[in-house]
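S.K.: sequence? don't have it. structure:
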């Protein structure tokens, strides 16, 4: 199983993401420079964390001008699993692959800690190996993770099952102060209507082996294998 | 072609959380500006451009705002275009 990890100037979690993919799935991961327009052969795509293009103007805003992003948009429309982690989530929103936007954290602090998130939708390409309602323990490290959508669009997102992860406490309860950034409705991750594109602020690739303090992120990466079993591939 | 200068303001929509504005407001009140009731922090951009005339320049700046300078999900924008010397 071949994954492409897109590397923008300022990406800094690309090596971790590639290693975690290889260790958890047994597949290969190639780091692809953002000026590459050809993603043929990539069966899954990961947009890693970091500060792509310096986060200038807005986090993730300038990435859609990278040739690789045009190929990511095309691959996403064909059903190829695409995962955006942290800055990668911001990039997915800014490029229109996911709805909404990520603004400055409530409280203005950069939050670097382990949080818990509850799996709300196991029907996506990146949560099929999780159990409904499962609580995952994952690290976050971001200053701009406050998810926001106008109220009526937020309702539409909820109704179609677009909320994939919510911040919660150890018991899986939301609304108990576990939300680290003020995100609307405690949202930590969402998906597109087809379920193949998922973005989340926590870092599954930093919790994919016991040596790093946790393995809860492995299920997210392994989930893509189920989709790849039915043969979705990128061809351009 | 004539030169123009666009002064563009980008702000968070009224319903969007503005923690920077809240923090600045708190600071102002702490300094004794007790009458401060609200602060919103935004961005100011100046773009120099050449266009056939002022109407064309305005239309192009409008497109710039919609396509890139503001995020339509949570930001609004306004701008002035003047002839540049």
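M.R.: Looks like it arrived, so ask away. Just so it is clear, the model here is predicted, and its values are computed rather than measured. Numbers count the residues shown, from 1 in each chain, chains lettered A, B, ... in the order given.
S.K.: ok, the closest residue to residue B:71 other than its chain neighbours - contacts?
M.R.: Sequence neighbours aside, residue A:101 is the residue nearest to residue B:71 in space, at 5.3 Å (criterion: Cβ to Cβ, 6 or more residues apart in numbering or on different chains). The C-beta positions use only the backbone N, C-alpha and C, and glycine is treated the same way. Applying Cβ atoms under 8 Å, 6 or more residues apart in numbering or on different chains to residue A:101 gives the contacts A:93-94, A:147-149, B:71, B:73-74.
S.K.: quick one: which of these is most hemmed in?
M.R.: Ranked by the number of neighbours (other Cβ atoms under 10 Å in any protein chain shown), these place residue A:147 first, at 30 neighbours.
S.K.: And the furthest pair within the contacts of residue A:101?
M.R.: Using Cβ to Cβ, the pair of the contacts of residue A:101 lying farthest apart is A:94 and A:149, separated by 14.0 Å.
S.K.: and stretch A:74-84, how far from the chain's centre?
M.R.: Per Cα atoms, centre = their mean, to the nearest Å, the displacement of stretch A:74-84 from the mean C-alpha position of its chain is 12 Å.
S.K.: still on that earlier bit, ok, the contacts of residue A:101 vs residue B:1, which is closest?
M.R.: Nearest member of the contacts of residue A:101 to residue B:1, counting by Cβ to Cβ, is residue B:71, at 29.9 Å.
S.K.: ok but that closest one is inside a helix, no?
M.R.: No. Secondary structure assignment places residue B:71 outside any helix; it is coil (DSSP: H, G, I helix; E, B strand; the rest coil).
S.K.: That one reaches residue A:60, doesn't it?
M.R.: No. Counting by Cβ atoms under 8 Å, residue B:71 stays clear of residue A:60, with 9.8 Å between them.
S.K.: Overlap in contacts, the two.
M.R.: By Cβ under 8 Å, 6+ apart, residue B:71 and residue A:60 have these common neighbours: residue A:94.
S.K.: got the residues of chain B near chain A?
M.R.: B:12-13, B:15-17, B:19-20, B:23, B:68-69, B:71, B:73-74 (Cβ under 8 Å from any Cβ of the partner chain).
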